[in-house]
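Peer 1: This is a predicted model, with the sequence first.
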Amino acid sequence: AQSVTQLGSHVSVSEGALVLLRCNYSSSVPPYLFWYVQYPNQGLQLLLKYTTGATLVKGINGFEAEFKKSETSFHLTKPSAHMSDAAEYFCAVTPMNRDDKIIFGKGTRLHILP
Amino acid sequence: DGGITQSPKYLFRKEGQNVTLSCEQNLNHDAMYWYRQDPGQGLRLIYYSQIVNDFQKGDIAEGYSVSREKKESFPLTVTSAQKNPTAFYLCASSSGQGAYQPQHFGDGTRLSIL
């Protein structure tokens, strides 16, 4: 069975500072991994995804994430936070090579301090 | 532009009433999904459909019903049996039938009890 744990339901960073949102997963088989972003009263948008190949994945809006199999992690980073990054972020996992449901984490709300 | 349209944006339900949430997509996607979002709970899968005239229960299907008569449409009915329907409901779609395909989301319907 798959599961996703996002550490910290709320994270605050200053504008211009590094953004680090943590995601750990559990999967009995190699996973596909995703990060989605949700702005208030909107649906989710795909930020980036890991399927196979390069473990460092670049996404939209300057975000990137690194798949670390040994740590079962897929943390999301951005070198310099912008006010427009304030939103809720969801990590998600689904097993590779299986037709199974995607499992979402409970989300991390990112606050940007001026 | 292609996308997913959910309507209405806000919906109010009286006690004992069934209400139907609309979801239409023009992305030519085979798979469609309904999620329920509660604060701090992430997304929970209600129903999903991988092909027309077929659908499966998700993790919290009790008190809900769906139909998939057309590829573009996947309406969700919240029945009077759902005792705690107040939530934000998200519809999503993806191409193909594998969960590894990224999901595209509508902007949601917020359901409240009168």
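Peer 2: It's in.
Peer 1: And the strands in chain A?
Peer 2: Using DSSP state E, the strands of chain A run over A:3-7, A:10-14, A:19-26, A:31-38, A:44-50, A:56-58, A:64-68, A:73-78, A:87-95, A:103-104, A:108-113.
Peer 1: Select, out of those strands, the one closest to B:Phe105.
Peer 2: strand A:44-50 (4.6 Å; Cβ to Cβ). No exception for glycine: its C-beta is placed from N, CA and C like everyone else's.
Peer 1: Buried residues, that closest one. List them.
Peer 2: A:Leu44, A:Leu46, A:Leu47, A:Leu48, A:Lys49, A:Tyr50 (16 or more other Cβ atoms under 10 Å in any protein chain shown).
Peer 1: cool, and stretch B:107-114?
Peer 2: Quick answer for stretch B:107-114 (16+ other Cβ under 10 Å): B:Asp107, B:Gly108, B:Thr109, B:Leu111.
Peer 1: Please name the bridge partners of the last one.
Peer 2: With DSSP bridges as the criterion, the beta-bridge partners of B:Leu111 are B:Leu11, B:Ala87.
Peer 1: out of the buried residues of strand A:44-50, which one sits closest to A:Ser27?
Peer 2: Nearest member of the buried residues of strand A:44-50 to A:Ser27, counting by Cβ to Cβ, is A:Tyr50, at 12.0 Å.
Peer 1: who's in contact with that closest one?
Peer 2: A:Tyr32, A:Leu33, A:Phe34, A:Val57, A:Ala65, A:Phe67, A:Phe74 (Cβ atoms under 8 Å, 6 or more residues apart in numbering or on different chains).
Peer 1: Hmm, the first one is touching A:Thr94, no?
Peer 2: Okay, so that is A:Tyr32. Yes: counting by Cβ atoms under 8 Å, A:Thr94 is a contact partner of A:Tyr32 at 5.0 Å.
Peer 1: does the most centrally placed residue in chain B have beta-bridge partners, and which?
Peer 2: Nearest to the geometric centre of chain B sits B:Trp34, at 2.8 Å (Cα atoms, centre = their mean). Here B:Trp34 sits in beta bridges with B:Tyr47, B:Cys91, as judged by DSSP bridges.
Peer 1: ok, it to B:Ala87 distance?
Peer 2: 11 Å (Cβ to Cβ, to the nearest Å).
Peer 1: next one: A:His10
Peer 2: Taking Cβ to Cβ, one finds A:His10 at 20 Å from B:Ala87.
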